[in-house]
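Novice: quick one: sequence and predicted model below, then my questions.
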Amino acid sequence: MTFSYSMKRGALLVLNSGSSSVKFTVFEVDPGEEQIMPLFSGQLTGIGTDAHLSAKAATGERMADESWAERDSGDVPALLPSLLAWVEEHLPPDLPLLAAGHRVVHGGANLRHPAMITDHLLGELETLIPLAPLHEPQNLAAIKVLADNRSDLPQVACFDTAFHHTQPRTSTTYAIPRHLTDAGIRRYGFHGLSYEYIARHMETHLPQLASGRVVVAHLGNGSSLCALNRGASVDTSMGFSVLEGVPMGTRPGNLDPGILIYLMRKFEMDADALEHLLYHQSGLLGVSGVSNDMRVLLSRDDDNSREAVDLFCIRTAKEICSLACSMGGLDALVFTAGIGEHSAEIRARICGHLKWIGVDLDKDLNKDDATRISTAASLPVHVIPTNEELMIARHTVDLLTMRNAA
Ligand code: ADP
């Protein structure tokens, strides 16, 4: 597959495809004007159980809130042609669909930048499936469906691992025999598109922070943290897989690996059972026994829910200190993603553990989700909403226009 492509004004589809859901955002792009504007976004959820499409315009107006159960044959790829048709039906007539950009979880050790999808690249990405067996196949399936349905549509893959390629070997290496490291068992890091967005945002809007040592806490259903030194990733809490680091909605974060050996011997758990335990039954859900949703846990008054929240906060604070160590100090802290952007309570509790390093939140600013939420005397603490979709759109346009120029 080769593309000779001339990018004009039109629409760009950004897809984040999971095992039972697809999130999408459509942008208007005008490379001449260097403009990328969101038009509408939405998600297909519950695929395989009770598929449902919801979408809204960038203006906030609802565009869809409907059951797709009748069209649902059980898997995401089967529904994608319908979603593509729905998107095209809802495009303004003067904005043809020009390209698609995909979030791809793993780019392995070699893919350091977003890349045009070609048959060769797809082949390379398939070899990475064992590194991210729950996510990579879903991402690749979406790319293939689009290629089959719209072979004329250029597609770009943006990797969650790519941004972390600036890390030193001391951050990426596990203390295991070297031949295993050479076989790819190393720390890769994830949520790179989110960290890249935050780094670029700071460059433009907070240049003083951008030139310093910043820990970004991406706290959502999946959570990780990143040490950004002068805008480059030097360390991160997630490693080989998306399991390492802080406790998450249903994942435990760091565990003594001896536990896994014990579970295999004592409870005869095999790889599938361990995978299920670690990806779906642990974290906030496992500890609380109630929910993986931070809002639910904060609204409850039982000991187990309280303990889940306490664990999340102290472990996140400890991770912030650990990442500060990787940079030889800390000049600012940034919160982002679902919990980081919206939960004043969790931010306050995490920062409560960091008073000894000079973190002091302003209660009112924190309550208002303000941009800067710390007092004047404090180490600066900011809330910056992330936008991974926009990052993918920018990469897609950059790549396509660069090709055009070449
Ligand atoms: P994902 O990793 O799926 O992208 P998000 O970044 O959307 O996740 O974050 C989802 C998490 O954010 C959920 O645990 C949800 O409870 C939490 N969250 C969203 N809004 C709030 C809020 N106002 N208070 C506390 N938690 C919130």
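Specialist: Looks like it came in fine. Keep in mind that this is a model prediction, so the values were computed, not measured.
Novice: longest strand anywhere in this protein?
Specialist: Longest strand in the chain, counting residues (DSSP state E): strand 35-45.
Novice: in the helix or strand that it is followed by, which residues are buried?
Specialist: As assigned by DSSP states H and E, the chain's next helix or strand after strand 35-45 is strand 52-57. For strand 52-57, the neighbour count (16 or more other Cβ atoms under 10 Å) marks 52, 53, 55 as buried. Just so you know, the C-beta spots here come from the backbone N, C-alpha and C atoms, and that holds for glycine as well.
Novice: before we move on, the earlier item: quick one: mean pLDDT for the longest strand of the chain?
Specialist: Averaged across strand 35-45, the pLDDT comes to 95.
Novice: adjacent strands (with direction) for that strand?
Specialist: Taking DSSP bridges as the criterion, strand 35-45 forms sheet pairs with strand 22-30 (antiparallel), strand 52-57 (antiparallel).
Novice: tell me how far the helix or strand of the chain with the lowest mean pLDDT lies from the chain's centre.
Specialist: Within the chain, no helix or strand scores below helix 388-405, which has a mean of 86 by mean pLDDT, DSSP states H and E. Centre-to-centre, helix 388-405 and its host chain are 18 Å apart (Cα atoms, centre = their mean, to the nearest Å).
Novice: stretch 172-190 too?
Specialist: 22 Å.
Novice: residue in the stretch 301-406 of the chain nearest to the ligand?
Specialist: The minimum distance from the stretch 301-406 of the chain to the ligand, using Cβ to the nearest ligand atom, falls at residue 338 (2.0 Å).
Novice: picking up where we left off before, what about the longest strand of the chain, near the ligand?
Specialist: No: using Cβ under 6 Å from any ligand atom, strand 35-45 never reaches the ligand; the gap is at least 10.4 Å.
Novice: do you know how far the residue nearest the centre of the chain is from the ligand?
Specialist: Closest to where the C-alpha atoms of the chain average out (Cα atoms, centre = their mean) is residue 191, at 3.9 Å. To the ligand, residue 191 is 9 Å away according to Cβ to the nearest ligand atom, to the nearest Å.
Novice: pLDDT weak spots in this structure?
Specialist: 1-6, 403-406 (pLDDT under 70).
Novice: top helix in it by residue count?
Specialist: helix 303-327 (DSSP state H).
Novice: now do the buried residues in it.
Specialist: Those would be 305, 308-309, 311-317, 319-320, 323-324, 326-327, for helix 303-327 by 16+ other Cβ under 10 Å.
Novice: tabulate the buried residues of strand 52-57 (TSV), appending distance to the ligand.
Specialist: Putting the buried residues of strand 52-57 into TSV (distance: Cβ to the nearest ligand atom, whole Å) gives the following:
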residue	distance to the ligand
52	16
53	18
55	17
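Novice: now, which of those residues sits nearest residue 114?
Specialist: Comparing the buried residues of strand 52-57 against residue 114 with Cβ to Cβ places residue 55 closest, at 25.2 Å.
Novice: ok, that closest one - contacts?
Specialist: Counting by Cβ atoms under 8 Å, 6 or more residues apart in numbering, residue 55 touches 40, 41, 42, 43, 62, 63, 64, 65, 90.
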